[in-house]
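Enquirer: I would like the atomic coordinates for the input below:
(one chain, ligands or ions: 1)
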Amino acid sequence: MPDAGEATHPLNLAGDSWYAPPANHMLRISVDIGGTRSRVALIDDRRGIVGRRALPTPRADHANRFDELYAALLEGLAGEIAALRCPQPHIGESHSAPIGVALAGIVDPSQGTVVRSVNLPYCEGRPLAKDLALHRAAEVRLFTDIQAATWAEFIACSRPAVFGHLRLGTGVGYAEIRNGRFASLARAPGRHLDPLRLGDAWDRPCGCGSRGCLEAYVSRSALRAQAADNRIDARMIESALSESVGSLRRRLGDSALLVYGGGLIEEYPAIHEHLRGLCALPVGREFAELRAAQCGDDAGLLGAASLACAGSAPWASPPSDLPSASTGSTGGGGSAR
Ligand SMILES: [Zn+2]
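Expert: This is a model prediction of the structure:
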């Protein structure tokens, strides 16, 4: 059983597959739906992740099987949630904390609907939160993977007043929290966020339809395409990263914190080293401090669980409820393609 003293993050611990919480600890369930693998976690509010399960995400092979694939996803998730809640029969049911779900794409959290998801086209237009709630007889709240991960990192950094999180994976995502609320960020419809676009000198076409997005230079999809053509240009990748990180640090300003993370950084040691170098580089006072993320691969799970219980507090607009898809903090996982 993990000991509370081991925790490096207020929401995270290495997980056991079985867990019974001490008295007065609250348990939550969260789900991270990835393109190839989905994960379900049992989270103790004081100890972090104490149980976890994983299952393959159904592959979108044929459009005429989308109903079947969607049903398989719901069945699979419901089954894993049921397996996790065994030691605590009430967890994940209607009278316990809402289940938080993170998904790569654009979502409408007020309706719990998937608006767009490149990896999971069979989820598009579906009321995923409502449908999973029916399977589990529990309240479910839906977020983007970037929102969830940003929230987890924000808490890990003790909730700074101005906080940005850049996430490099298959796509590139960014979200910003100011005074405890997600900030609205500019973007052209269907395109990547304006803060994720490089200067005029960068003109490589991006999958979103724009030119010069960071994702067109530094993302899993961009690097795979470059490797397939045998034309990886390390200097250009570093230069794109330096420019993007520099402009985000300037944008956030003095006393703010910019945290970078995502699977791409672990996969490419050169990117990891370059970002570490940028952290150490002296910059002017008007630039935000730069740090590496702390929550790793669990950020989405941790953040979704916490956001599900946070109600409307972290959202700037609309004030009455959770954000609409247009709040702009959804930039990740290739969501804008
Ligand atoms: Zn783009």
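Enquirer: residue ranges for the helices of the stretch 1-150 of the chain, please.
Expert: 66-84, 128-136, 145-156 (DSSP state H, counting those that start in this stretch).
Enquirer: Next, the contact list for the closest residue to R141 other than its chain neighbours, please.
Expert: Take R141 and drop its neighbours on the chain: the residue closest to it by Cβ to Cβ, 6 or more residues apart in numbering is A308, 4.3 Å away. In this view, the C-beta of every residue, glycine as well, is placed from N, C-alpha and C. Contacts for A308 were tallied using Cβ atoms under 8 Å, 6 or more residues apart in numbering; they are 28, 30, 97-100, 140-141, 143.
Enquirer: Please name the nearest non-neighbouring residue to E243.
Expert: Distance criterion Cβ to Cβ, 6+ apart; nearest residue to E243, sequence neighbours excluded, is L198 at 5.5 Å.
Enquirer: What does the pLDDT read for the one you found?
Expert: The confidence metric pLDDT takes the value 96 at L198.
Enquirer: Same check on L281?
Expert: L281 carries a pLDDT value of 87.
Enquirer: Next, the residue nearest to R141: secondary structure please.
Expert: When classified by DSSP: H, G, I helix; E, B strand; the rest coil, A308 comes out as helix.
Enquirer: just for this protein, where's the confidence low?
Expert: Scanning the chain for pLDDT under 70 picks out the ranges 1-20, 85-95, 316-337.
Enquirer: Next to the ion, which bits of it? Give me the list.
Expert: Proximity of the chain to the ion is confined to 192, 206, 208, 210, 213 under the rule Cβ under 5 Å from the ion.
Enquirer: right, and I155 touches L307 too?
Expert: No - the pair formed by I155 and L307 falls short of the contact definition of Cβ atoms under 8 Å, at 10.0 Å.
Enquirer: higher neighbour count, the two?
Expert: L307 (28 against 20; other Cβ atoms under 10 Å).
Enquirer: can you pull the contacts of that one?
Expert: 100, 141, 143, 147-148, 151, 314.
Enquirer: Export those residues to TSV and append columns for distance to T170 and neighbour count.
Expert: Formatted as TSV, the entries for the contacts of L307 read as follows, by distance: Cβ to Cβ, whole Å; neighbours: other Cβ atoms under 10 Å:
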residue	distance to T170	neighbour count
G100	21	30
R141	24	22
F143	18	28
Q147	17	31
A148	16	30
W151	20	32
P314	25	19
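Enquirer: which among these gets closest to F182?
Expert: For F182, the closest of those turns out to be P314, at 5.8 Å, with distances computed as Cβ to Cβ.
Enquirer: Spell out the secondary structure type for the closest residue to S210 other than its chain neighbours.
Expert: On the basis of Cβ to Cβ, 6+ apart, the spatially nearest residue to S210 that is not a chain neighbour turns out to be R191, at 4.8 Å. When states are read from three-state DSSP, the local structure at R191 comes out as coil.
Enquirer: Hmm, R191 is touching R211, no?
Expert: No - R191 is beyond contact range of R211, at 10.2 Å (criterion: Cβ under 8 Å).
Enquirer: Between those two, which is the more surrounded one?
Expert: Summary of the neighbour comparison: R191 and R211, criterion other Cβ under 10 Å, with R191 having more neighbours (17 against 14).
Enquirer: Contacts only, for the more buried one.
Expert: With contacts defined as Cβ under 8 Å, 6+ apart, the neighbours of R191 are 208-210, 213, 336.
Enquirer: biggest separation within the residues you listed, which pair?
Expert: Every pair of those checked by Cβ to Cβ; the farthest is G209 and C213, at 9.5 Å.
Enquirer: Which one's more surrounded, these two?
Expert: Comparing G209 with C213 by other Cβ under 10 Å, the one with more neighbours is C213, at 30 against 14.
Enquirer: right, and that one touches D194 too?
Expert: No - in this structure C213 lies outside contact range of D194 using Cβ under 8 Å: 9.9 Å.
Enquirer: where along this structure do the strands fall?
Expert: Along the chain, counting by DSSP state E, strands occupy 27-33, 37-44, 48-56, 99-103, 106-108, 113-116, 140-144, 162-168, 172-178, 181-182, 257-261, 289-292.
Enquirer: re the thing from before, ranking the helices of the stretch 1-150 of the chain by burial, who's on top?
Expert: Among the helices of the stretch 1-150 of the chain, judged by mean count of other Cβ atoms under 10 Å, the one packed with the most neighbours on average is helix 145-156 (a mean of 29).
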